[in-house]
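Kindly return the folded structure for what I paste below:
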Amino acid sequence: MDERLRFVARLLDGDKMAAVCREFGISRKTGYKIFNRYKDFGIQGLEDKARRPYRHVNKLPFQIEKAIVKIKQEHSTWGAPKIRDKLAKLYPMVKPPAKSTVHAVLDRHGLVKRRKRRRYKAQGTQLNAAPSPNTLWCADYKGQFMLGNKKYCYPLTITDQRSRFLLACEGLESVKEIGAFPVFEQTFKEFGLPTAIRTDNGVPFSSPQALFGLSRPSIWWLRLGIAIERTKPGHPEQNGRHERMHLTLKKEATKPASYNFLQQQSRFDNFIEGYNNERPHQALNGMYPGEVYTPSAREYFRPEVPEYPFHDRTILVTQCGRICMGRRKINLSTVFGGQHIGIREVADRIWLVSFMEFDIGFFDEEENRVEPVGTNPFAPKVLPMSPV
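Numbering: from 1, shown residues only. This next block holds a predicted model:
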């Protein structure tokens, strides 16, 4: 970060690009890339900022869950409030769960009849293969390594699955989401939008504290109509083509490491050019990735605010991840901070929370937190794995 700030400061003082690049030991291509990043994103394009995660922890004992299901099976017309009161009678020594928790358990076991309602058509599709460019992109962080100035570099890489085209390789100071956003946005602007993006379950692509492992980047992708694929934990081979590129990157552009970020980024830029346009690929019948890849026809856009015409209210989630209803503050998750969600009363003082076309959880008038729905609403896009 310090090198980038000094570099940009020299240009803002009126120094020539070529002279400053020579002084910092980088190419003019890398210099213009850094300066354009500053003009587009300001200081945030040059540095990372820490974000404090919000933890969502709630585990219902399986004995209580089993009792809820049994009561519902014996009394099919009872709702969550009555079942909760029955639990209090049966187990007076145990604090009964919230009504929203009871409702979520019933929903998880298929014991809730929902009113049929019109749903928006989901954006993106579940993919088992990548038949054409931009059907599937792969993203990951190559293992960090130490630069000559004793600072660690975390390269964020993005490739096209079908053509093996290396879309981006950016050396960052950490794996925090604030550094990843500008890289993806610049890639979207330059190459368009893919149908889906495949990642692992690490940060910033997934957040273990949030509902269903969502993160700010994955929510952003969903709003752009990009489906999400994630590899199984401990199975990097499910992103094998991307991992193979990392091996080549490690051999050709990181050993030995450069002294600072600017010099290392210059090597990454040269590697991108050679990998895409000079290195034949056996799986492409000896063609270069640049000969196979074509930019996406889906241009990058600023997503509009979601609408919820079939819900009772549309609410803007606070930056601290809360749903505010009058004086009440219901905890949702910080990854939804700044997003619009819809709420609808589905039972007596039990509210359903939806994001876009996905139903994500329930809350009631007693507990100030959202209990996740039983079935992962993102399962058709998030959980199924595609073959390498």
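
what's the domain layout of the protein?
With domains defined by automatic domain parsing, the chain comprises 1-33, 116-302, 313-378.

among those, which is nearest residue 63?
The closest approach between residue 63 and any of the domains of the chain, judged by C-beta to C-beta, belongs to domain 313-378 at 17.5 Å. Where C-beta positions appear, they are placed from N, C-alpha and C, glycine not excepted.

So for the closest one, mean pLDDT?
The average of the pLDDT scores along domain 313-378 is 88.

how about the helices in the stretch 1-150 of the chain?
2-12, 17-24, 28-41, 62-74, 80-90, 99-108 (DSSP state H, counting those that start in this stretch).

now these as TSV including mean pLDDT and distance to residue 305?
Listed next are those as TSV, based on pLDDT from 0 to 100; distance: least, C-beta to C-beta, whole Å:
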stretch	mean pLDDT	distance to residue 305
helix 2-12	83	33
helix 17-24	88	40
helix 28-41	85	22
helix 62-74	89	37
helix 80-90	89	31
helix 99-108	87	26
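
Any idea which of the domains of the chain gets closest to residue 76?
domain 313-378 (14.5 Å).

Just send the helices of the stretch 1-150 of the chain back as CSV, with mean neighbour count and distance to residue 130 too.
Putting those into CSV (neighbours: other C-beta atoms under 10 Å; distance: least, C-beta to C-beta, whole Å) gives the following:
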stretch, mean neighbour count, distance to residue 130
helix 2-12, 16, 34
helix 17-24, 15, 37
helix 28-41, 16, 27
helix 62-74, 15, 40
helix 80-90, 17, 44
helix 99-108, 25, 33
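
Format those helices as CSV; extra columns: distance to residue 342.
CSV is the format used below for the helices of the stretch 1-150 of the chain (distance: least, C-beta to C-beta, whole Å):
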stretch, distance to residue 342
helix 2-12, 41
helix 17-24, 49
helix 28-41, 31
helix 62-74, 27
helix 80-90, 20
helix 99-108, 16
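
out of those helices, which comes closest to residue 246?
From the helices of the stretch 1-150 of the chain, taking C-beta to C-beta, the stretch that ends up closest is helix 28-41, at 20.6 Å.

mind checking how far residue 338 is from residue 332?
Separation of residue 338 from residue 332 (C-beta to C-beta, to the nearest Å): 12 Å.

Quick check: buried residues in stretch 182-189?
Residues of stretch 182-189 classed as buried: 182-184, 186-188 (neighbour count, 16 or more other C-beta atoms under 10 Å).

out of the residues you listed, which are inside helices?
With helices taken from DSSP state H, the overlap with these comprises 182-184, 186-188.

Return the member of those nearest to residue 205.
Minimum separation from residue 205 among these (C-beta to C-beta) is found for residue 184, which lies at 10.5 Å.

Would you mark the buried spots in the host helix or strand of residue 158?
Taking DSSP states H and E as the criterion, residue 158 maps to strand 152-160. Using 16+ other C-beta under 10 Å as the burial criterion, the residues of strand 152-160 that qualify are 153-160.
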